[in-house]
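>>> predicted model follows, preceded by the sequence.
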Amino acid sequence: MSALEPLRLVCVSCRRSDGEGGVLARDLGPAEGGLLCPGCGARYPTTDEVSVLLAAGLHPVDPLGALDASWPPDAAGWCEALASEDPASAAFREAGLLGTYALGHLPELAPTEALRAQLADRVELAGLIDRWLSRHAPPRELPVLELGSALGTWAPRWLGATDSQVALVDLRPSMLRLSRRLIRGESVTIPWRRVARHFEPLTLALPGGAAEPERVLHLLADALDPPFVAHGFGLVVAFGLVDAITDPWMLLGQLDALVAPGGMLLLAQPFHYEPHAQPPEAWLDGPAALRRALAGGLPGLEHLGFRVLEEAEGVPWPLPAHDRLVHRYLAHVLLATR
Ligand SMILES: C[S@@+](CC[C@H](N)C(=O)[O-])C[C@H]1O[C@@H](n2cnc3c(N)ncnc32)[C@H](O)[C@@H]1O
């Protein structure tokens, strides 16, 4: 086995171009309450093992107050508060999204039989990924990165694909805080929307219990400005990000920069767009456009040189909004290397 490559975190505040196509970046070191750049002195706080690695001046959007050390609040009181919350508010929407992603990832915990039945084919994606990763193993000595990881429930799978570490990156503090606790083997209770403004507590836990938390890093960071050295990952995963991030073109450039030589890229997306999240002029027109972009066939991305190893279309991707509404996306999934 080759020597294990540990995950290196670099300062996103003083990172800069070296003028010759390379990048100058300093490794972060431990400091009281978080991480510190020995060069520029930037400090990055850590709350309950979730590190905030955003460039100076950038603050996370946190309508639920999830960066507060005491978060999450008591679920019964939280449900009660939501009953009088404006449904158009960010706090209502974000609380709803927690349940959506929770049950999208852990459908067996859905509170009704009807909902569990609607979410049952969610397992197809997991089976597909297991088959692909058994046919094309990423380099085990390198870390794995998942961008836009939400609750991070795929992490046990990524741990099985590396002897090094797994980094989970998202911009939502609430998802990362819950994810960290789930990975530690704790149960967490969040509001689940039954109907209208009626929420009830829903308790979540990972089916397999703790997932080697010492090998999993939770990072609140921007996938468009990731706090890593170039080409450091054996596998980079992004599910539902190409069609959700503000700039998918820049994301593809970053994915290319993160994957190590011989490493792999695993993408899944339904190509469903929301104009408020991603401007229409940035939308990729489905699988063919993505394939062309990854192969270097689109202007501005000519340097990309990925080869598709596996691909599947129409993979069911159910996501529940509440007891009476399940969105059924059909995902395009691909595994590529270069
Ligand atoms: C559509 S959700 C998909 C979540 C999860 N991957 C899944 O498949 O269920 C997109 C996720 O990406 C995160 N996200 C959006 N923009 C991001 C960015 N620039 N950097 C990191 N995460 C981002 C969101 O917070 C959200 O958790």
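Okay, I see it.
>>> who in the stretch 201-338 of the chain is up against the ligand?
Asp222, Ala223, Leu224, Phe239, Gly240, Leu241, Ala244, Ile245 (Cβ under 6 Å from any ligand atom). Just so you know, the C-beta spots here come from the backbone N, C-alpha and C atoms, and that holds for glycine as well.
>>> ok, the fifth one touching Pro270?
Yes - Gly240 is in contact with Pro270 according to Cβ atoms under 8 Å; the separation is 7.4 Å.
>>> can you check which residues contact both of the two?
The contact sets of Gly240 and Pro270 overlap at Trp317 (Cβ atoms under 8 Å, 6 or more residues apart in numbering).
>>> list buried residues within the residues of the stretch 201-338 of the chain next to the ligand.
Asp222, Ala223, Phe239, Gly240, Leu241, Ala244, Ile245 (16 or more other Cβ atoms under 10 Å).
>>> next up, the contacts around Ala66.
Pro72, Arg172, Pro173, Ser174, Leu176, Arg177.
>>> switch to 6 Å and redo it
Pro173, Ser174, Arg177 (Cβ atoms under 6 Å, 6 or more residues apart in numbering).
>>> for the residue of the stretch 51-200 of the chain found nearest the ligand, which non-adjacent residue is spatially closest?
Proximity to the ligand, evaluated over the stretch 51-200 of the chain using Cβ to the nearest ligand atom, is greatest for Gly148 at 2.8 Å. Spatial nearest neighbour of Gly148, chain neighbours left out: Leu241 (3.8 Å); criterion: Cβ to Cβ, 6 or more residues apart in numbering.
>>> does the ligand sit close to stretch 56-73?
No - for stretch 56-73, no contact with the ligand is found by Cβ under 6 Å from any ligand atom; the gap never falls below 9.1 Å.
>>> please identify the buried residues of that stretch?
Applying 16+ other Cβ under 10 Å to stretch 56-73 flags Pro60, Asp62, Leu64, Ala66, Leu67, Trp71, Pro72 as buried.
>>> again with stretch 46-54
Buried, per 16+ other Cβ under 10 Å, within stretch 46-54: Thr46, Thr47, Val50, Ser51, Val52, Leu53, Leu54.
>>> just the ones of the residues you listed in strands?
In strands, judged by DSSP state E, the following of those are found: Thr46, Thr47, Val50, Ser51, Val52.
>>> quick one, phi/psi of Leu145?
phi -130, psi 130 (degrees, to the nearest 10).
>>> so Ser149, which state does it fall into?
What DSSP: H, G, I helix; E, B strand; the rest coil gives for Ser149 is coil.
>>> that one: what's it in contact with?
Contacts of Ser149 (Cβ under 6 Å, 6+ apart): Leu168, Asp170.
>>> same check, this time on Leu4
So Leu4 contacts Glu141, Asp163, Ser164 (Cβ under 6 Å, 6+ apart).
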